[in-house]
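> what's the 3D shape of this:
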Amino acid sequence: MVWIIWFIAAGILLVAEMLTLTFYLLWLCIGAVAAGLVSLAAPGAVLIQVLTGCLVALGLTLFSKPVVSRFRASQGFKDIGTDIVGREGIVVRPIEPGRYGQVKVGGDIWSAASLQQLSVDEKVRVISRGNTIIEVERWEV
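Residues are numbered from 1 along each chain as shown. Okay, the predicted model is just below:
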């Protein structure tokens, strides 16, 4: 019955991957599926199941990193996350240096950081984007 736990874990990781689109959780999902398959063949060998899942996830992570780097460096690749840089936004939650606030850019609300103190309803310009946090500065004409 251990295989059920592995496949439930794989399903949860797959759903989490669909929400984040990072591929790291997908590799963990595939590792959990591999561990689940091993548990079907050897139900009592939990250590082998765990090692199989870890090795599969680690192998996929190590293999995919150079492939993704080459893909991102190829001509014509456009990261949709960089489209936000340079756009105008409105502060919806105040931002203080060293503390996060929130900014609405287009129809989306982002966590934001700034070196400036920014109040609600101030116009800002996005100057960079991390994974989930954007950096903004006061919009000055």
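
> Identify, by residue count, the longest helix of this structure.
As assigned by DSSP state H, the longest helix anywhere in the chain is helix 46-73.

> What average pLDDT does that helix get?
Taken as a whole, helix 46-73 has an average pLDDT of 89.

> Domain-wise, how is this structure divided?
What the TED database lists as the domains of the chain is 1-74, 87-138.

> Mean neighbour count for those domains - can I get that in a markdown table?
Just so you know, the C-beta spots here come from the backbone N, C-alpha and C atoms, and that holds for glycine as well. A markdown table is the format used below for these (neighbours: other Cβ atoms under 10 Å):
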| stretch | mean neighbour count |
| --- | --- |
| domain 1-74 | 15 |
| domain 87-138 | 16 |
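
> quick revisit: tell me which strands and helices the longest helix of the chain is in contact with?
Identification of packing neighbours for helix 46-73 by 3 or more Cβ pairs under 8 Å, 6 or more residues apart in numbering; DSSP states H and E yields helix 2-20, helix 24-41.

> residue ranges with poor pLDDT in the chain?
Low-confidence segments of the chain (pLDDT under 70): 21, 77-82.

> Distance of the residue of it positioned farthest from its centre relative to residue 50?
Computed with Cα atoms, centre = their mean, the maximum C-alpha offset from the centroid of the chain is found at residue 44, amounting to 34.7 Å. Separation of residue 44 from residue 50 (Cβ to Cβ, to the nearest Å) stands at 13 Å.

> what lines up beside the helix or strand just after the longest helix of the chain in the sheet?
From helix 46-73 onward toward the C-terminus, using DSSP states H and E, the following helix or strand is strand 88-93. Strand 88-93 has its sheet partners listed here by DSSP bridges as strand 101-105 (antiparallel), strand 123-129 (antiparallel).

> can you tell me which residues contact residue 42?
48, 49 (Cβ atoms under 8 Å, 6 or more residues apart in numbering).

> Repeat that for residue 1.
residue 43.

> one more time with 10 Å, if that's ok
39, 43 (Cβ atoms under 10 Å, 6 or more residues apart in numbering).
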